[in-house]
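Chemist: whatever this is, show me its structure:
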Amino acid sequence: MSETGLTEITESIKKIIRDVPDFPKKGIIFKDITPLLADHAMFGKMIKLMAEPYRNRGITKVLGIEARGFLLAAPIAMELKAGLVPVRKTGKLPYKTVSASYALEYGRDTLQIHEDAVTKDEKVLIVDDVLATGGTASAVCELVEKLGGKVAAIAMLIELEFLKGRAKLAGREINSLIKY
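Modeler: Residues are numbered from 1 along each chain as shown. Reported below is the predicted structural model:
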């Protein structure tokens, strides 16, 4: 796809994403992707664009981060003919897990995956809807590496550049479709 065509599609996607002021708390402008998910044609284009850099790269697993990351990771995994692994908050997975904690604005949180979700040397693509401070994606990279997997890249629909999340993920390949 030409750079002009890509820019036109990403600008169209950006127009569909809804800003919700003061959610989840005052002063935050939440980027609501539900209108994009509801638009079959644009959702399909977005999935193809997010998957494209990883075609023919030997990705064996796509990890989707709870909860909106699940919605993007599943069709991307199908596009790449790779397995899908859900990354969940503590206590949500039924089998034995490995955990990684990360800092939040007011405390810490923990993410988990099944201990057999990724095997040694598997090439993993991490997918989520928004890259903000980078803490969540960094914790997921830690999970993959605890299990012996290789983080091939991180794919985000949206990147909030002003929060400098890339700094926490230095040295990692990160592709963000939309940047604010």
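
Chemist: okay, helices next: where are they in this protein?
Modeler: 3-16, 34-38, 40-51, 68-80, 135-146 (DSSP state H).

Chemist: weakest of these in terms of mean pLDDT?
Modeler: Lowest mean pLDDT within the helices of the chain: helix 3-16, a mean of 89.

Chemist: packing partners for that helix?
Modeler: Applying 3 or more C-beta pairs under 8 Å, 6 or more residues apart in numbering; DSSP states H and E, one finds that helix 3-16 contacts helix 34-38, helix 40-51, strand 174-179. Any C-beta I mention is one placed from the backbone N, CA and C, and that applies to glycine too.

Chemist: contacts for it, please.
Modeler: Residues outside helix 3-16 that contact it (C-beta atoms under 8 Å, 6 or more residues apart in numbering): 1, 35, 36, 39, 42, 45, 46, 49, 177, 178.

Chemist: in the protein, which residue is most central in space?
Modeler: Centroid-nearest residue in the chain, with C-alpha atoms, centre = their mean: residue 128, separated by 1.7 Å.

Chemist: before we move on, back to that, the contacts of helix 3-16, buried ones only, as a ChimeraX selection?
Modeler: Here is the ChimeraX selection string for the buried members of those, based on 16 or more other C-beta atoms under 10 Å:
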select :36,42,45,46,49,177,178
